[in-house]
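> Predicted model and sequence below, questions to follow.
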Amino acid sequence: MPKQPAYFDSQAATAAALKIDIDDIREAKREGCPAFRSGRVYGKELLKWLETRALQNAGSAKSNGIGLEKARPVIAQTIRGLSVCASLGFLTPEQYFDFTLRIVEAANDPELREVFRQTILNWLQLNFSEVAEAKARKAHPKIMSWFHSETKAQARRKNEEGGLEALVRALDAQ
């Protein structure tokens, strides 16, 4: 393989030689990548900067360019898929919970959080009767603790939304 030059004379030459989309190179320059000096693009610095940036954005739904709106169904399906893996015994309930909670928290999306909460609720209803809640709490304390705090938080949010809606209706009536 031929040795790459230390720098390239243009962004187009850089894109062609390094097989990088020119829009990614332009974005790197806009974001302050230090590989751009005196009209030249220093390849090693650019690659290092892009790699560092990709690692920083690994938890971001934007990092792959699709955005959260398009990622939401994929993430929801992943949550359901992990649930099936747990049901089949490939994951323990704690492994499922840890993996899924990490995904949900990284997405930072209330709708996905609710999908996860509903999935946990379905799992609890399937595996434990209402009478056996103490048994579930003993068998899966971390899951039960999270579920109860999340359910309380959701109830508070609904009450606040209902209170705001009532306030808006009252103001509109005046």
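Right, received. Where do you want to start?
> What ranges does this structure have for its helices?
Per DSSP state H, the chain carries helices over the ranges 11-18, 22-30, 43-56, 67-87, 93-107, 110-127, 133-139, 141-173.
> What are the contacting residues of the fourth one?
If you take C-beta atoms under 8 Å, 6 or more residues apart in numbering as the criterion, helix 67-87 is touched by 61-62, 64, 91-93, 95-96, 99-100, 103-104, 107, 109, 111-112, 115-116, 119, 123. Bear in mind the C-beta positions are built from the backbone N, C-alpha and C, glycine included.
> 10 Å - rerun?
Here helix 67-87 makes contact (C-beta atoms under 10 Å, 6 or more residues apart in numbering) with 60-62, 64, 66, 90-97, 99-101, 103-104, 106-109, 111-112, 115-116, 118-120, 122-123, 126-127.
> Check the second one too.
Contacts of helix 22-30 with the rest of the structure, by C-beta under 10 Å, 6+ apart, involve 8, 10-12, 14-16, 18, 20-21, 33-36, 41, 45-46, 49-50, 53, 65.
> Check these for burial and list the buried ones.
Neighbour-count burial (16 or more other C-beta atoms under 10 Å) is assigned, among the contacts of helix 22-30, to 8, 11, 14-15, 18, 20, 33, 35-36, 41, 45-46, 49-50.
> which one among these gets closest to residue 154?
Taking C-beta to C-beta as the measure, residue 154 lies nearest residue 50 of these, at 39.8 Å.
> ok, that closest one touching residue 20?
Yes. Contact criterion C-beta atoms under 10 Å: residue 50 and residue 20 qualify, at 7.4 Å.
> Can I get the helices of the chain in TSV including distance to residue 4 and mean pLDDT?
Listed next are those as TSV, based on distance: least, C-beta to C-beta, whole Å; pLDDT from 0 to 100:
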stretch	distance to residue 4	mean pLDDT
helix 11-18	7	89
helix 22-30	15	90
helix 43-56	6	79
helix 67-87	33	78
helix 93-107	35	88
helix 110-127	42	81
helix 133-139	57	77
helix 141-173	50	73
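> a markdown table for those, including distance to residue 3?
Output for these, formatted as a markdown table (distance: least, C-beta to C-beta, whole Å):
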| stretch | distance to residue 3 |
| --- | --- |
| helix 11-18 | 11 |
| helix 22-30 | 21 |
| helix 43-56 | 11 |
| helix 67-87 | 38 |
| helix 93-107 | 39 |
| helix 110-127 | 47 |
| helix 133-139 | 60 |
| helix 141-173 | 53 |
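> Not counting sequence-adjacent ones, nearest residue to the residue nearest the centre of the chain?
For the chain, the residue nearest the mean C-alpha position is residue 107 (2.5 Å; C-alpha atoms, centre = their mean). Nearest residue to residue 107, sequence neighbours excluded (C-beta to C-beta, 6 or more residues apart in numbering): residue 75, at 5.6 Å.
> No further queries at this time; thank you.
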